[in-house]
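J.: Following is a predicted model, sequence given first.
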Amino acid sequence: MLFGFEGPGTGVGVPLGRGGHAPRLGQARDERLRVSSPPVKAVLFDFHGTLAQVEEPTDWVLNAAAALGADLTPSAARRLADELILAGRAGGPLPSVVPPSVRTAWDRRDLTMDDHRTAYTALAAGVDSGIDGLPTALYDRLLTPDGWRAYADAVPVLRRLHGAGVRVAVVSNIGFDVRPVAEGLGLAPFVDAYALSYEVGHCKPAPEIFRAACADLGVDPRDTVMVGDTPADAGAVSAGCRCLILPVSPAGAEHGLAAVLPLLDA
């Protein structure tokens with residue numbers, strides 16, 4: 001889904017067709033679109049759900065348990081993963097119930113590193129796993145490249161943008177430094193800037209986080225496209241950017257990121 005933005009001073013008037021004649025209706029519409037769409041000089045990408053996805057839930061539990069020396073069967077890990085996801089997993093669906101003792105940290109989870117860790121380890125601790133230290137081990141998986149899977153087209157598309165001289169930023173609602181994860185997944189060489197909510201002090205859909213990314217890249221928001229997977233990413237439109245929203249894809253699959261490439265020539 002593409003959300004357009006037409007800034008002040010754009011799209012005024014319709015150019016004449018060949019020979020000075022007024023263009024046909026369809027031609028006029030095409031010409032107007034070209035006039036009202038500035039060239040794309042930068043692309044902003046959401047991280048989770050757009051460039052990469054957290055590891056499959058059963059693997060997440062098995063790997064965290066193994067780090068503690070606990071040996072779970074796949075079926076036991078699957079049952080435990082289902083309970084943990086229901087309780088609230090970082091990168092998973094939002095929990096239906098947040099205990100009052102966790103509410104303050106939960107509300108601020110994308111604004112400070114401490115609150116992010118506190119919120120998600122507390123939610124995991126509410127599930128009786130019988131494994132000492134599992135909530136911390138589960139959270140620690142989130143901080144390493146091993147706990148993530150890049151989408152198959154993420155590196156190829158970022159490489160194409162980099163080769164074309166298009167600036168790239170990661171814009172994420174997140175409570176930890178995603179740079180080491182991006183490095184481990186092979187994304188970092190093609191990323192010029194990061195606008196992370198806990199560093200910027202604003203979360204999507206607030207326009208400030210998108211403006212911060214554009215300022216770091218040295219580009220006008222009107223020359224920028226935001227690529228994401230949620231309505232919060234579409235908040236980039238309020239900052240003056242155009243926006244491309246992609247549907248959900250399985251971890252490691254192709255995610256349709258190449259849809260941004262034709263916009264460079266539009």
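T.: Received, thanks.
J.: Glu254 and Met226, how far apart?
T.: 20 Å (Cβ to Cβ, to the nearest Å). In this view, the C-beta of every residue, glycine as well, is placed from N, C-alpha and C.
J.: ok, those two, which is more surrounded?
T.: Using other Cβ atoms under 10 Å as the criterion, Glu254 and Met226 rank with Met226 on top: 30 against 14.
J.: Which residue is the nearest non-sequential neighbour of the more buried one?
T.: Using Cβ to Cβ, 6 or more residues apart in numbering and skipping residues adjacent in sequence, the residue nearest Met226 is Ala236, 3.5 Å away.
J.: ok, now how distant is the one you found from Tyr198?
T.: Separation of Ala236 from Tyr198 (Cβ to Cβ): 19 Å.
J.: again, but for Ser75
T.: 37 Å.
J.: So which of these two has more stuff around it?
T.: Between Ser75 and Tyr198, counted using other Cβ under 10 Å, Tyr198 has the larger neighbour count: 21 against 9.
J.: Show me the domain layout of this structure.
T.: Per automatic domain parsing, the structural domains of the chain span 2-52+149-265, 54-148.
J.: Rebuild these as TSV, extending it with mean pLDDT.
T.: TSV is the format used below for the domains of the chain (pLDDT from 0 to 100):
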stretch	mean pLDDT
domain 2-52+149-265	84
domain 54-148	96
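J.: Tell me which residues touch the closest residue to Val54 other than its chain neighbours, please.
T.: Leaving aside its chain neighbours, Val54 sits nearest to Gly91 (3.6 Å; criterion: Cβ to Cβ, 6+ apart). When contacts are counted by Cβ atoms under 8 Å, 6 or more residues apart in numbering, Gly91 is found next to His48, Gly49, Gln53, Val54, Leu142.
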